[in-house]
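Asker: Here is my input; please provide its structure:
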Amino acid sequence: MTLSVWLSLVLICILGAMSPGPSLAVVAKNCLGGSWKNGVVTAWAHALGVGMYALASVLGLAIVLQHNPSLFKGIAYLGAGYLLWLGVNAVQSKGGVAAKLTAGREASLFESARDGAMISMLNPKLALFFLALFSQFVAASHASESRAIVVATPLVIDGLWYTIVSFLLTRPSVLERIKARAVLVDRMTGVVLIVLAARVIYTI
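Answerer: Have a look, this model is predicted:
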């Protein structure tokens with residue numbers, strides 16, 4: 001995998017992690033309902049769920065590419081269509097996601113880990129997203145080491161981002177700033193997704 005290909009993966013993973021949604025709501029709820037420790041535990045449990053989806057997607061796509069290149073191309077084109085659809089929706093976002101982030105009773109670390117894992121592992125959209133996104137990176141990553149990087153990149157970025165969020169949320173003004181920029185983050189993500197969709201169609 002070339003550096004430019006990996007950097008494009010890093011960019012979309014960063015924007016995907018930053019985009020406000022249910023995961024941010026859960027991390028914020030546990031952080032505000034407990035402490036920064038609850039937020040960090042939630043963050044890395046969520047990241048492990050993301051890593052599991054990433055690993056399953058890479059292994060599945062690698063098998064398809066090896067045994068049926070034509071089917072792989074079909075999946076890649078369908079994935080490009082899905083990325084395009086996500087991108088258009090993100091560009092048109094009104095920023096209403098994660099509008100209400102409230103603190104409940106103090107959560108235990110176990111409950112925080114459970115919440116983080118469940119919000120990612122029970123989200124079938126993650127599987128579709130990774131299947132769509134990874135088709136171009138699996139095709140460009142022939143070595144097992146490169147595919148390991150493809151899996152590790154979203155896991156580490158996701159965990160680090162929500163860890164940062166957990167520490168920032170100890171400051172009352174930060175959450176409002178995140179919410180205020182929700183539309184901008186969504187639209188930036190949408191543009192990148194549309195460009196990636198075009199790249200898949202062009203390169204496959």
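Asker: Going along the chain, name the helices of this protein.
Answerer: Under the criterion DSSP state H, the chain contains helices at 3-18, 22-33, 36-67, 69-91, 109-121, 124-139, 144-168, 172-180, 182-203.
Asker: Single out the most deeply packed of these.
Answerer: Highest mean neighbour count of the helices of the chain: helix 22-33, a mean of 23 (counted as mean count of other CB atoms under 10 Å). Where you see a C-beta, it was placed from the backbone N, CA and C, and this is true even at glycine.
Asker: From residue 36, how far off is residue 131?
Answerer: Relative to residue 36, residue 131 is positioned 34 Å away (CB to CB, to the nearest Å).
Asker: meant to ask about residue 73
Answerer: For residue 73, the distance to residue 36 - CB to CB - is 46 Å.
Asker: got it, and residue 63?
Answerer: In terms of CB to CB, residue 63 sits 41 Å off from residue 36.
Asker: Same check on residue 115?
Answerer: Taken as CB to CB, the span from residue 115 to residue 36 is 15 Å.
Asker: Next up, the contacts around the closest residue to residue 39 other than its chain neighbours.
Answerer: Leaving aside its sequence neighbours, residue 39 sits nearest to residue 166 (CB to CB, 6 or more residues apart in numbering; 2.7 Å). Going by CB atoms under 8 Å, 6 or more residues apart in numbering, residue 166 touches 27, 31, 36, 38, 39, 40, 42, 43.
Asker: And for residue 31?
Answerer: Neighbour list for residue 31: 38, 39, 42, 165, 166, 169, 170 [criterion: CB under 8 Å, 6+ apart].
Asker: Let me have those in a markdown table, extended by distance to residue 108.
Answerer: Listed next are the contacts of residue 31 as a markdown table, based on distance: CB to CB, whole Å:
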| residue | distance to residue 108 |
| --- | --- |
| 38 | 8 |
| 39 | 13 |
| 42 | 11 |
| 165 | 20 |
| 166 | 16 |
| 169 | 18 |
| 170 | 19 |
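Asker: Residue 7: which of these is nearest?
Answerer: residue 165 (22.9 Å; CB to CB).
Asker: hang on, that closest one packs against residue 26?
Answerer: No. Judged on CB atoms under 8 Å, residue 165 makes no contact with residue 26 at a distance of 10.9 Å.
Asker: Show residues contacting stretch 51-62.
Answerer: 72, 75, 120-121, 126-127, 130-131, 134-135, 138, 147, 150-152, 154-155.
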